[in-house]
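Colleague: mind looking at a prediction? Sequence and model below.
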Amino acid sequence: MGKRTLLAPLAGVRILGVECGGGGWVVSAAGPGHGTCPACGTPSRSRHSTYLRRLQDLPSQGARVTVQIRTARLRCRNPGCDRQVFAEPLLGVAEPRLRRTRHLADLALLLGHHVGGRPAEQVLARLGMPISDDTVLRWLRRFAGQDIASPVRVLGIDDWAWRKGRTYGTIMVDLERRAVVDLLPHRSSAGTADWLQGHPEVEVISRDRHGLYAEGARAGAPQARQVADRFHLIQNLRERIEQQLSRLGRPLRAGARPQQR
Ligand SMILES: [Zn+2]
């Protein structure tokens, strides 16, 4: 089996060797040796120097995998450009300045998005991918809305645990594209209204049935139609049924609660 087939593919990166050491695998690799200047967009193959970029990757059989990529600093040959030297971008492999591969960052983002920072940290550590909850949350903020260029027509608003059960923020989701648009560090009607005032294109807002998001939506987006989301509708209905049943002395069996999507 070749070296490449042991590893998740890293676009444009040449794998030079794989060694066992330091409690995991170390993969030696080299970058593509070319790139375009981030300031002016001029392509370059003119190497100025190199440095080693160390990236944590997805684990192999539970063991930590570190990819060491010999990365080039390239000269910008455009005489009109202020940028003389830039690091070759590792497109699709790792974001600039991150110390993890895109594979790993995507997985951490997905987990952080669904369960919150602290539980994501625990699951990732158990799977051989130690990443702190602070890092997961920082990435979520950095990447939220990154790919959204077009306006949001149907918006979902919900609260979201920065740290499970402790600090709550607000998550804004484009329900048509099923993508996170923004994460607000607070949960308030004024903050929600502020955000909505910057998005007059929103036509429909799906939110929980009561409280501050309804108020924020009324103040910040009077043009939008508000709808209660399905999960919260079912949860509300369930609470009402539970109250009635317990008044009748017949509480609902434990564990039969609705699950959030
Ligand atoms: Zn340039």
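Modeller: Received it, and whenever you're ready, just let me know what you need. Nothing here was measured: the structure is a model prediction, and the numbers come from that model. Residues are numbered from 1 along each chain as shown.

Colleague: show me which residues of this structure are close to the ion?
Modeller: 37, 39-40, 76, 78, 81, 83 (Cβ under 5 Å from the ion). Quick note: C-beta positions are derived from backbone N, CA and C, even for glycine.

Colleague: compare those and tell me which is most surrounded.
Modeller: Highest neighbour count within the residues of the chain next to the ion, by other Cβ atoms under 10 Å: C76, with 23 neighbours.

Colleague: leaving out the residues flanking it, which one is nearest to it?
Modeller: C37 (4.1 Å; Cβ to Cβ, 6 or more residues apart in numbering).

Colleague: any idea how far the one you found is from L98?
Modeller: C37 sits 20 Å away from L98, going by Cβ to Cβ, to the nearest Å.

Colleague: and if you look at V202?
Modeller: Following Cβ to Cβ, the distance that separates V202 from L98 is 32 Å.

Colleague: ok, those two, which is more surrounded?
Modeller: Shown here are V202 and L98; by other Cβ under 10 Å, V202 has more neighbours (23 against 17).

Colleague: contacts only, for the more buried one.
Modeller: 152-155, 196, 221, 223-224 (Cβ atoms under 8 Å, 6 or more residues apart in numbering).

Colleague: what do you get if the cut-off is 7 Å, keeping everything else the same?
Modeller: V202 makes contacts with 152-153, 155, 196, 221, 224, as judged by Cβ atoms under 7 Å, 6 or more residues apart in numbering.

Colleague: now those: which count as buried?
Modeller: 152, 155, 196, 221, 224 (16 or more other Cβ atoms under 10 Å).
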